[in-house]
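# sequence and predicted structure below; questions after.
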Amino acid sequence: MKKIILFLSLLIVLLVTSGCLDEIIEQKITIQKRTGEENIFEDFKEVTKRKQVKKAIDIVKNATWKNEKVEMASYADYQFQFPSKNSNGSKGKIASYLLWISSNGENLEIVTDSDRYVKLTKQDSADLYDILTGEELIK
């Protein structure tokens, strides 16, 4: 009887641990940087630290988005992606964003492929840029 209880306890611990590990593995942001003057991007960085990923996702999700198609004066400086979750909590499609550094160098502007646009606050811009590039937002 003790062996059965021990076996079931270990099985439960393994199942819980593997579920948590799966959640950790999925949490990442991939960033590509534009090279040259063309609309060509190369892999730049991958953010996997859970706190940084969560903060970046929160900044993007909580921004005041406008549903409008915008024409930017130049190609995006960066593009980044992270897995998005459906309303029921299951893994959905990859959320993809194009990112520009504004001409004043203090704000980030983001556009999605579904015609949504946002200009982030200075603080959110600085925080997100630091997470995505590891650098301060100074132009």
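Great, that's in hand. In this text the structure is predicted, and so the values were computed from the model without any measurement.

# okay, now the unreliable bits of the chain?
For the chain, residues meeting the criterion pLDDT under 70 lie at 6-11, 13-26, 84-92, 139.

# where exactly do the helices run in it?
Along the chain, counting by DSSP state H, helices occupy 2-26, 50-62, 122-133.

# would you confirm that residue 82 contacts residue 54?
No: using CB atoms under 8 Å, residue 82 is not in contact with residue 54, being 10.4 Å away. No exception for glycine: its C-beta is placed from N, CA and C like everyone else's.

# of those two, who's got more company?
Neighbours were counted for residue 82 and for residue 54 using other CB atoms under 10 Å; residue 82 has more, 19 against 11.

# look up the closest residue to that one, ignoring the ones flanking it.
Closest residue to residue 82 apart from its sequence neighbours, by CB to CB, 6 or more residues apart in numbering: residue 29 at 4.6 Å.

# can you check residue 63 too?
residue 118 (4.4 Å).

# what packs against the longest strand along the chain?
Criterion DSSP state E: the longest strand present in the chain is strand 91-101. The contact analysis (3 or more CB pairs under 8 Å, 6 or more residues apart in numbering; DSSP states H and E) places strand 91-101 against strand 78-85, strand 108-112.

# 10 Å instead?
helix 2-26, strand 29-34, helix 50-62, strand 78-85, strand 108-112, strand 116-119, helix 122-133 (3 or more CB pairs under 10 Å, 6 or more residues apart in numbering; DSSP states H and E).

# for residue 82 and residue 54, list the residues in contact with both.
Taking CB atoms under 10 Å, 6 or more residues apart in numbering as the criterion, residue 82 and residue 54 both touch residue 27.

# need the contact list for residue 63.
108, 110, 116, 117, 118, 119, 120, 121, 124, 128.

# hmm, which two among these are most spread apart?
Maximum pairwise distance among the contacts of residue 63 (CB to CB): 16.9 Å, between 116 and 121.

# picking that back up, tell me what the residue nearest to residue 63 is bridged to.
With DSSP bridges as the criterion, residue 118 is bridged to residue 110.

# just give me the neighbour total for residue 4.
8.

# wait, residue 53
19.

# what about the residue lying closest to residue 127 once chain neighbours are set aside, how many neighbours?
Nearest non-adjacent residue to residue 127, counting by CB to CB, 6+ apart: residue 59, 6.3 Å away. When counting by other CB under 10 Å, one arrives at 20 neighbours for residue 59.
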